[in-house]
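**Student:** have a look; sequence and predicted model below, questions after that.
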Amino acid sequence: MYPYCLGIHQFPYVDYRFLPHMPCGYYSLKEGRWFWRQDALGAENSNPPHAQQRLTFVLVHGSWADAHFWDGIAAALRRNGHTVYTPEYAGHGEDPNRNVTHAMITQSVVDFITRLNLHDIILVGHSFGGTVIQKVAEQVPDRIKRLIFWDAFVLKDGESVSDEVPPQTRQGFEQLRASSKDDTIMLPFPLFRDLFVNTANLDVARQIYAGVVPEPAKPLFEKLDLKAFYVLPTPKSYVYFYQDNVLPQGEGFGWNPHMSTRLGQFRLIVGDGDHMTDSRTRPAMVAQKLYEAGRD
Amino acid sequence: MYPYCLGIHQFPYVDYRFLPHMPCGYYSLKEGRWFWRQDALGAENSNPPHAQQRLTFVLVHGSWADAHFWDGIAAALRRNGHTVYTPEYAGHGEDPNRNVTHAMITQSVVDFITRLNLHDIILVGHSFGGTVIQKVAEQVPDRIKRLIFWDAFVLKDGESVSDEVPPQTRQGFEQLRASSKDDTIMLPFPLFRDLFVNTANLDVARQIYAGVVPEPAKPLFEKLDLKAFYVLPTPKSYVYFYQDNVLPQGEGFGWNPHMSTRLGQFRLIVGDGDHMTDSRTRPAMVAQKLYEAGRD
Amino acid sequence: MYPYCLGIHQFPYVDYRFLPHMPCGYYSLKEGRWFWRQDALGAENSNPPHAQQRLTFVLVHGSWADAHFWDGIAAALRRNGHTVYTPEYAGHGEDPNRNVTHAMITQSVVDFITRLNLHDIILVGHSFGGTVIQKVAEQVPDRIKRLIFWDAFVLKDGESVSDEVPPQTRQGFEQLRASSKDDTIMLPFPLFRDLFVNTANLDVARQIYAGVVPEPAKPLFEKLDLKAFYVLPTPKSYVYFYQDNVLPQGEGFGWNPHMSTRLGQFRLIVGDGDHMTDSRTRPAMVAQKLYEAGRD
């Protein structure tokens, strides 16, 4: 019998495909398998593995990404019994047309949800995807059980994404936009590497950047009418990763508390990741945080 | 001989009742027991287990709680050799009278300390308990070795707790207060679940909520004279849990740095918990943080 | 075959001298050695050990410290294959002259770099050392691959360090300065213990304090011309430890985001340490964070 324990805070993030069945247990030579120690770390961690409430997630990606952004996270959620959808939206993925509006993007997600007749969904927006789920929620509020913003924009009524980035970033975006032929913005690698995947090693940073294509600029500058959003009674959560470096962390900018507090009453969940790296390197950790944000 | 190590940052939080004696060691089949590896992770963690300075803690709970809030934490502290007291105060626990003032609450704790003739105490306040230890410290400063505020209010002279919550929360409190028959405030479960126990699973959230009773409203709205507190030379610590969601984390509100900096020179200790969950699910972690805040 | 895993987030910080070769693997009795499990936690942690890009670090310490501050961190970096220099500067270490200026300090580091003809260096400044690397970078920009500020001052053009500490701290510094015979400032132990090594146990705090000598006061009050710094295109990183208690964490003061955002585009890396403790107790953790901040 050989005791075995993972670090107490870490076990929810383990990728269960690859591990002995239980994060803290022992291996019986006689019986040839691992046992969970009910009497061990359970005292300090009340979530036994594999006991997750089954939820239906709809995951909406952000800019400079497509629906494959969610591949690892969706797989991790499905392993825990959840139903997961990752709709693509206008101007992204296979769509050859980059001349899109914010309304077209919203419509893609609304159509996906209504075509599949989804109900009781946990609607998750990452980054720019926050603005998308704000608008989607206005159109199909009765289908949504909870909204989760993960390092995502929560715009005020009448604001655009570009209103929420520091002046020098907005200037940079405007220059990149002006220099493109098709009204898109492509992130230079050095900026992407230090702001979007700052905790990644270079190989991972390059792998993620290899999938980055120019982002349609217009939706980033469109001011959105969000009066209907701000009277929705839908429960809301904010997942904040404290190494996220896309926006300055405070002093009038940033994800939390600057944008999260606009949600009014919301559930906060904090993790140690950055903006994009963990979707690739620690998908089970992200999935766990989204689950913590989404469960009843 | 079978090596065995816990995650290097986590070991202080392990509940030693349930674990092999040492967090990083090996098991000798021959001798039938575990050994601590002095040459192993000791290099990165200078605190050997069970080497804690013995302290006397007096733990003062917050609103929507009673002295049992501390049960797990007090047990964890006692296992490490500390003396721990968890006084109940007026209007809480078995006290049938909910018509209490802040002065009556303070008096309960002062009386407890003087009746038992306690000295050299580490006086800990959680949440609303911060305002209580501010006032207690004014009355029995010579009995206090150090004050610890754990996600606790540090009011300015002349302020009330309700002055330190965002306007919409204050409005909510006023409505709940007006709708009660006995001038109390009861938290609705959805608010409690997302703000006070946001990281808990639903079972734990419900268990904790089952112990919540209506809170006397008056002490939350009383403005306190704290001139004497702000000239006390007593050493002070602030323990901040970064998933605490009771107050917005910044932009003019919140525990740290907004209220902590009012202490002047203080020791900061940060953990990853929320407002109430960890008292139930990770009491040894909380106990370790309070010890780190309280030791010489 | 005996499975063995460290906590998934922790393994980069392990001191490899003392551990079985691989943080997550198994031990083969037959072959008498440990194997790395490619199929195990690798899925959630993309950095295999010992695969670090080789870098050249020049480490510049802060106030109330000398070059030995870096001993453990430098050793940890060297074990991972890096070249590491820890120059001493004027008024510190063996230098008997405490009557120094900021320019003399800068010159010490510039001379060290040019005498050894160092190139492609990762220039790291801790605390006050941030102001030093700002000025060094102005003089030898072509030798620097990246600047790393670790809980370090990033002064605005025309500012002094004393402009960036809260009024009561500045007052305290001025009083301590006035009471010294040689225009130095000595930190009283209680202040050092709660602000600089707040997470340490008392023994470690005393050990570190035993090496503290009075700091030349003048460079802390000198206003620096930093116009040249603010047009340098050198890549920059900021390493922030969230238990650092030397400056208030926000509300117009502090390391991150208050000073970090002055760098413009920078890479952010966050850790859970304080200002000085981890240099002594977890040098491999600090080394890993500096590596993450410095790699391409």
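**Tutor:** Yep, it's here. Numbering: from 1, shown residues only, chains lettered A, B, ... in the order given.
**Student:** so residue A:206: helix, strand or coil?
**Tutor:** Assigned by DSSP: H, G, I helix; E, B strand; the rest coil, the conformation of residue A:206 is helix.
**Student:** what do you get for the one 3 residues further on?
**Tutor:** Under three-state DSSP, the three-state class of residue A:209 is helix.
**Student:** quick check: closest non-adjacent residue to residue A:212.
**Tutor:** residue A:64 (4.8 Å; CB to CB, 6 or more residues apart in numbering or on different chains). Every C-beta, even on glycine, is put in place using the N, C-alpha and C of the backbone.
**Student:** confidence score at the one you found?
**Tutor:** For residue A:64, the model assigns a pLDDT of 98.
**Student:** likewise the one 3 residues further on?
**Tutor:** At residue A:67 the predicted local confidence, pLDDT, stands at 98.
**Student:** residue contacts, it?
**Tutor:** A:61, A:86-88, A:92-93 (CB atoms under 8 Å, 6 or more residues apart in numbering or on different chains).
**Student:** hang on, the earlier thing: give me the number of neighbouring residues for the residue nearest to residue A:212.
**Tutor:** Neighbourhood size, residue A:64 [other CB atoms under 10 Å in any protein chain shown]: 22.
**Student:** tell me the phi and psi of it?
**Tutor:** Per-residue torsions, residue A:64: phi 50, psi 40 (degrees, to the nearest 10).
**Student:** now do residue A:59
**Tutor:** Torsion angles, degrees, to the nearest 10, at residue A:59: phi -110, psi 120.
**Student:** and the residue in the stretch 51-200 of chain A positioned nearest to chain C, how many neighbours?
**Tutor:** In the stretch 51-200 of chain A, no residue comes nearer to chain C than residue A:194, which is 3.8 Å away by CB to the nearest CB. Neighbourhood size, residue A:194 [other CB under 10 Å]: 20.
**Student:** contact partners for it?
**Tutor:** Residue A:194 neighbours (CB under 8 Å, 6+ apart): A:245, C:235, C:237, C:265-267.
**Student:** pick the one among these closest to residue C:137.
**Tutor:** Using CB to CB, residue C:235 is the member of these that lies nearest residue C:137, at 11.1 Å.
**Student:** would you confirm that the closest one contacts residue C:141?
**Tutor:** No - counting by CB atoms under 8 Å, residue C:235 stays clear of residue C:141, with 11.5 Å between them.
**Student:** tell me which of the two has more neighbours.
**Tutor:** A count of neighbours by other CB under 10 Å puts residue C:235 above the other of residue C:235 and residue C:141, at 20 against 15.
**Student:** for that one, which residues are in contact?
**Tutor:** Under the criterion of CB under 8 Å, 6+ apart, the neighbours of residue C:235 are A:190, A:194, C:145-147, C:267.
**Student:** strands of chain A, start to end?
**Tutor:** Counting by DSSP state E, chain A has strands at residues A:2-5, A:24-28, A:33-36, A:56-60, A:83-85, A:121-126, A:144-150, A:184-185, A:215-216, A:236-241, A:267-271.
**Student:** what's the most buried one of those?
**Tutor:** strand A:121-126 (a mean of 27; mean count of other CB atoms under 10 Å in any protein chain shown).
**Student:** residues in contact with it?
**Tutor:** With CB under 8 Å, 6+ apart as the criterion, strand A:121-126 contacts A:55-62, A:65, A:69, A:85, A:113, A:131-134, A:136-137, A:143-152, A:290, A:294.
**Student:** can you rerun that using 6 Å?
**Tutor:** Contacts of strand A:121-126 with the rest of the structure, by CB atoms under 6 Å, 6 or more residues apart in numbering or on different chains, involve A:55-62, A:132-133, A:143-150, A:152, A:294.
**Student:** direction included, what does it pair against?
**Tutor:** strand A:56-60 (parallel), strand A:144-150 (parallel) (DSSP bridges).
**Student:** take the ones you listed and write them to CSV, including distance to residue C:282.
**Tutor:** Output for the strands paired with strand A:121-126, formatted as CSV (distance: least, CB to CB, whole Å):
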stretch, distance to residue C:282
strand A:56-60, 36
strand A:144-150, 30
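**Student:** take those strands and lay them out in a markdown table including mean pLDDT.
**Tutor:** What follows is the strands paired with strand A:121-126, written out as a markdown table (pLDDT from 0 to 100):
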| stretch | mean pLDDT |
| --- | --- |
| strand A:56-60 | 98 |
| strand A:144-150 | 98 |
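**Student:** the ones you listed: which one's closest to residue A:176?
**Tutor:** Closest among the strands paired with strand A:121-126, once you apply CB to CB, is strand A:56-60, at 23.6 Å.
**Student:** alpha carbons of stretch A:270-290, as PDB, please.
**Tutor:** Below are the C-alpha coordinates for stretch A:270-290, written out as PDB (Å, rounded to 0.1, in the frame of the first residue of the first chain):
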ATOM      1  CA  VAL A 270     -10.100  33.700  -9.400                       C
ATOM      2  CA  GLY A 271      -7.300  31.600 -11.000                       C
ATOM      3  CA  ASP A 272      -3.600  32.100 -11.600                       C
ATOM      4  CA  GLY A 273      -3.600  31.900 -15.400                       C
ATOM      5  CA  ASP A 274      -3.100  34.500 -18.100                       C
ATOM      6  CA  HIS A 275      -5.300  35.400 -21.100                       C
ATOM      7  CA  MET A 276      -4.800  32.500 -23.500                       C
ATOM      8  CA  THR A 277      -2.000  30.200 -22.400                       C
ATOM      9  CA  ASP A 278      -4.000  28.000 -20.000                       C
ATOM     10  CA  SER A 279      -6.600  27.100 -22.700                       C
ATOM     11  CA  ARG A 280      -3.700  25.100 -24.200                       C
ATOM     12  CA  THR A 281      -1.600  24.100 -21.300                       C
ATOM     13  CA  ARG A 282      -4.000  23.600 -18.400                       C
ATOM     14  CA  PRO A 283      -7.500  23.100 -20.000                       C
ATOM     15  CA  ALA A 284      -8.700  21.000 -17.000                       C
ATOM     16  CA  MET A 285      -7.800  23.900 -14.600                       C
ATOM     17  CA  VAL A 286      -9.800  26.300 -16.800                       C
ATOM     18  CA  ALA A 287     -12.700  23.800 -17.000                       C
ATOM     19  CA  GLN A 288     -12.700  23.500 -13.200                       C
ATOM     20  CA  LYS A 289     -12.900  27.300 -12.800                       C
ATOM     21  CA  LEU A 290     -15.700  27.600 -15.300                       C
END
